[in-house]
Structure formats: C-alpha cells, structure tokens
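Chemist: Below are the sequence and a predicted model for it; my questions follow.
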Amino acid sequence: MSVRVGLLGATGAVGQRFVQLLDDHPTFDIAAVTASPRSAGESYRDAAKWRVDTPIPEDIAEMTVRETDPDALPDDLDLLFSSLPSTVGAEIEPELCRAGYVVSSNSSNERMAEDVPLTIPEVNPDHLALIETQREERGWDGALVKNPNCSTITMTPTLAALDQFGLSRIHVATLQAVSGAGYSGVTSMEIIDNVLPHIGGEEAKMEAESRKLLGDVTDGELSLHDVDVAASCNRVPSLDGHLENVFAELEEDPSAAEVHEALEGLDAADLPSAPEQPIHVFDDPERPQPRLDRMRGKGMQISAGGLRETPDGIQYNCLAHNTIRGAAGASVLNGELLVEAGIV
C-alpha cells in the first residue's frame, strides 16, 4: 500500500527530520512539501538549508516548495504531516481539515481540545475515537490528530507503564536539548557554559498533556487522568535528547525490580516506525545519557534508568530523542496508526 503525503512546514528543523524519516518509508511517499510564502517556488534544496546529519534525499531536494494553502496542494494527497509554528497551524490546519485532508500534526495548537486526539500509539491508540466526535462537531470530512510536546512524550510512556500501581503525584525536572528550541532558538552565548532554568510554556504543556494522554475516551467523550503533575523545565547544552528526572508517588508500593519489569513490559505498537520494545531500562546508574542513548531504536526508543525506591514511591530518569521520538517520529507513528485504523 502506498500513501501519498504532504509535509507542511517542511524546511524547518522538525520538517527536515520528517524528510529524513520518510525517505524509503515502506508506506508513505512524499508528494508535496510546503513552507512560508518567501520559500514558495524554490527547490527544496535551496529553501531548506539542510542541517540534518544524513544527506538530503535527491528526489525531495528537487521538489518545488509550495505555499501552505489548501489551494496550493495536490488533490490526491492521502495524509498531511504538519510541523507548522503553532500560530500558523491554528489558522491553516482547520482549513485543511475542512477541505477534507487528514492531518497528523506536531504543532502545539489544539493539543488540549476535547475533540482532538492527542496520541502516543503505545499509550492511547483508542483516543482516535475522538475523530468521529470531531467530525460531527466541526462539520468537516478531514481529521486533526496531534502528538504531544517533546518533553511530555519522553515521560508519559513511563507513566503509562506505572499506572498499574496507581499514579498519585508526579514531579519531573527536565534537562532539555537545544534542538528543542529550533535551529535559531537559543544562541551559543546563552547556552554554552550555562543552563536556562525556564522554557516558556513547557511546564504547563507537560502538566496538562500527560493527563490527557493517560485519560479515557468513552462514547466519544474525553476524561482526564486524575494524577497531579508538576514540572520544572530547563534548557541544557546538549544538542539532542531530553533527559528527565521523575519522582513518582504511587498508591501502591512496588519495588524497583517490579518497576523495572513494568517499564520494559509496556506493550509495543505494531507499526513500521515503532521500536520492538518501547522502553529500555538500564541497570547502570550512569545511564541513560543523551549522547550515548538518544539513538536507541533509531531514535524511537525511550530509555530509563536510575531506578530507586523512595519513601513516597519511585525515582528514575528517562530519555528520548526530542526531534525524532519527540516530534517528527511521533507524527509519523500517528500517521501509521491512522493507516492501521483505516482512517487514511
């Protein structure tokens, strides 16, 4: 089966990751790339200023960049992947859905909308049921599906694995790579020999999105998980890979060995880009580390380690590649889930 896809916002850092991940994909064929009006009409090679660590695919390099507009897209696209800035996505993505397109989006707009699936295939694939509600309420034939923030997606699969012990309260402190801010997001003078103890809006995203991902969808209606989540988000001078320190207060009192088993026992998604084991747990207390472990499972596996029993629960670290698992790869997985579910 071949699925023709378009990439919205294809020239940015996450857009380039999309191109890298979709090159030679078994199902998806890139048929159109879009960017801002100033890039429209240029070749992708000239517009993208390629910065990914593999060569630019030659067939994509010669594509002409289109404007991000329903009228500028081919009619025969089956699926759109979006890495648009959220302000642009908030305007354009609903127009595309009204035009009948299915959009798998990494953009932050509408992630918390009650009728928009916010999905991690290993955690809550059943939330795709919200698409029926979305179509009824919004009166469109297309569909909008979101993946969570890159810091949220690092932590939430581990919480899903621990939910069997009863999640009560979660405290998390993140050490987030500079690529999460985009190519021009943090200057070298800001981050070298430094840590930035605030990332605007990031803490609220982690706290809200994780509760939605862990919640339930019943009869087309969403209910959030009742776990309390408190986050402190920090930018550190690593290039890729978000490392997070999690303190989980649980209703039960599992041992570190039981938590280890639960984390590695999270069910895998039977999708082309999904890792065979979603979470790998290290016994070495010095792992995971961004430079050593961010590319496990081709950048799609989450790593955990430092498991320690505390008076209130469990402490551990988790790590994921933020622009692969946490961004473009997450949207690709959701696209594969949409195909599996017959929505695409």
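Modeler: Sure thing, it's come through. Just so we're clear, the structure is a prediction, and the values are computed from it rather than from any experiment.

Chemist: can you map out the helices along the protein?
Modeler: Taking DSSP state H as the test, the helices found in the chain are 13-22, 44-48, 58-61, 86-98, 130-138, 150-162, 188-191, 202-213, 256-264, 290-293, 329-340.

Chemist: Deepest-packed of the ones you listed, please.
Modeler: When you average the neighbours per residue for each of the helices of the chain (mean count of other Cβ atoms under 10 Å), helix 150-162 leads with a mean of 27. Glycine gets a C-beta too; all of them are placed from N, C-alpha and C.

Chemist: how much does that helix deviate in direction from helix 202-213?
Modeler: Helix 150-162 runs at 40 degrees relative to helix 202-213, counting by axes from the mean of the first three to the mean of the last three Cα atoms, to 10 degrees.

Chemist: Let me see the contact set for V178.
Modeler: 185-186, 191, 235-239 (Cβ atoms under 8 Å, 6 or more residues apart in numbering).

Chemist: Out of the helices of the chain, flag the one nearest L307.
Modeler: Judged by Cβ to Cβ, the one of those that comes nearest to L307 is helix 256-264, at 4.4 Å.

Chemist: pull the CA atoms of the closest one into CSV?
Modeler: This file holds the C-alpha atoms of helix 256-264, laid out as CSV (Å, rounded to 0.1, in the frame of the first residue of the first chain):
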residue,chain,number,x,y,z
ALA,A,256,12.5,-1.1,42.0
ALA,A,257,12.5,-4.6,40.4
GLU,A,258,8.8,-4.5,39.9
VAL,A,259,9.0,-1.1,38.3
HIS,A,260,11.8,-2.2,36.1
GLU,A,261,9.6,-5.1,34.8
ALA,A,262,6.6,-2.8,34.3
LEU,A,263,8.6,-0.3,32.3
GLU,A,264,10.1,-2.9,30.0
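
Chemist: Could you list the low-pLDDT ranges of this structure?
Modeler: Low-confidence regions of the chain, defined by pLDDT under 70, are absent; no residue qualifies.

Chemist: What residue spans form the domains of it?
Modeler: Using automatic domain parsing, the domain parsing of the chain gives 3-148+327-340, 150-321.

Chemist: can I get the contacts of V178 in CSV with distance to G265?
Modeler: Conversion of those to CSV gives the following (distance: Cβ to Cβ, whole Å):
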residue, distance to G265
G185, 36
V186, 37
I191, 37
R235, 33
V236, 30
P237, 34
S238, 29
L239, 31
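
Chemist: among these, which ones are buried?
Modeler: By neighbour count, with 16 or more other Cβ atoms under 10 Å, the contacts of V178 hold 186, 191, 235-238 as buried.

Chemist: Tell me the one among the residues you listed nearest to R325.
Modeler: Each of the buried ones among the contacts of V178 was checked against R325 using Cβ to Cβ; the closest is S238, at 15.1 Å.

Chemist: Look up how far V259 lies from that closest one.
Modeler: Here the distance between S238 and V259 works out to 26 Å (Cβ to Cβ, to the nearest Å).

Chemist: what about the strands in the stretch 201-344 of the chain?
Modeler: Counting by DSSP state E, counting those that start in this stretch, residue ranges of the strands within the stretch 201-344 of the chain are 216-218, 221-223, 228-235, 242-250, 279-281, 302-310, 313-320.

Chemist: Out of these, flag the one nearest S36.
Modeler: Checking the strands of the stretch 201-344 of the chain against S36 by Cβ to Cβ gives strand 228-235 as the closest, at 25.6 Å.
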